[in-house]
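>>> here's my sequence, what's the structure:
(one chain, ligands or ions: 1)
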Amino acid sequence: MDSSDFISKSRKITCREAESMIPRYLAGSLSDKDLAAFLNHVNNCNKCHDELETNFMVDLTVQYLNEEDPHGSFNLKPMLQKDLNEKTAALVHKHRMKKLRVVIFVLILLLAALLILDLTDVFGISEVIADLFRSAGF
Ligand SMILES: [Zn+2]
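Below you'll find the model as predicted:
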């Protein structure tokens with residue numbers, strides 16, 4: 001399974017919604033859920049991708065003009081693609097960590113359950129392990 005699958009499976013939004021999210025996308029203030037829906041939409045909608053491109057350009061131009069030393073390349077398309085890629089990667093990473101946290105949480109619960117069972121002698125796992133070691137000749 002592609003790790004960015006959850007983006008393509010995210011909530012479907014309309015062009016209007018996507019457009020209304022552009023300022024928050026540029027400011028980096030979309031929630032994870034909205035960001036996933038937004039990325040999914042602009043990946044599949046040329047109209048909104050173009051709209052994002054225009055807004056991204058304006059945003060960058062303002063930043064560029066505010067810079068004291070406005071030199072260097074100013075190549076919009078790769079910059080937008082980089083921004084989209086970075087935000088996608090960050091979201092995928094966050095999603096993965098969330099999954100990992102769930103796995104660790106479940107493991108801890110299992111260990112705690114085993115420990116409680118062991119301590120209450122309902123299921124003496126330490127006895128079982130000790131028996132195993134004994135029968136293995138330790
Ligand atoms: Zn659209």
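
>>> what helix or strand does the residue nearest the centre of the chain sit in?
Note on the chain: the residue nearest the mean C-alpha position is L91, at 2.4 Å, using Cα atoms, centre = their mean. L91 belongs to helix 76-119 when assigned by DSSP states H and E.

>>> show me what that helix is packed against.
Applying 3 or more Cβ pairs under 8 Å, 6 or more residues apart in numbering; DSSP states H and E, we find helix 76-119 packed against helix 5-8, helix 32-44, helix 46-66, helix 125-135. (Each C-beta comes from the backbone N, C-alpha and C, glycine too.)

>>> off-centre distance for it?
8 Å (Cα atoms, centre = their mean, to the nearest Å).

>>> how big is the angle separating that helix from helix 125-135?
Put simply, helix 76-119 runs at 80 degrees to helix 125-135, going by axes from the mean of the first three to the mean of the last three Cα atoms, to 10 degrees.

>>> check the residue lying closest to the residue nearest to the centre of the chain once chain neighbours are set aside and give its pLDDT.
Using Cβ to Cβ, 6 or more residues apart in numbering and skipping residues adjacent in sequence, the residue nearest L91 is L35, 5.6 Å away. With respect to pLDDT, L35 scores 96.

>>> over to D121?
Looking at D121, its pLDDT reads 71.

>>> ok, now F74?
The score at F74 is 64. That number is its pLDDT.

>>> repeat that for the one 4 residues further on.
With respect to pLDDT, P78 has a value of 83.

>>> again, but for E127
So, for E127, pLDDT stands at 76.

>>> same check on the one 10 residues further on?
We note a pLDDT of 79 for G137 in this prediction.

>>> can you classify it by secondary structure?
Three-state call for G137 (DSSP: H, G, I helix; E, B strand; the rest coil): coil.
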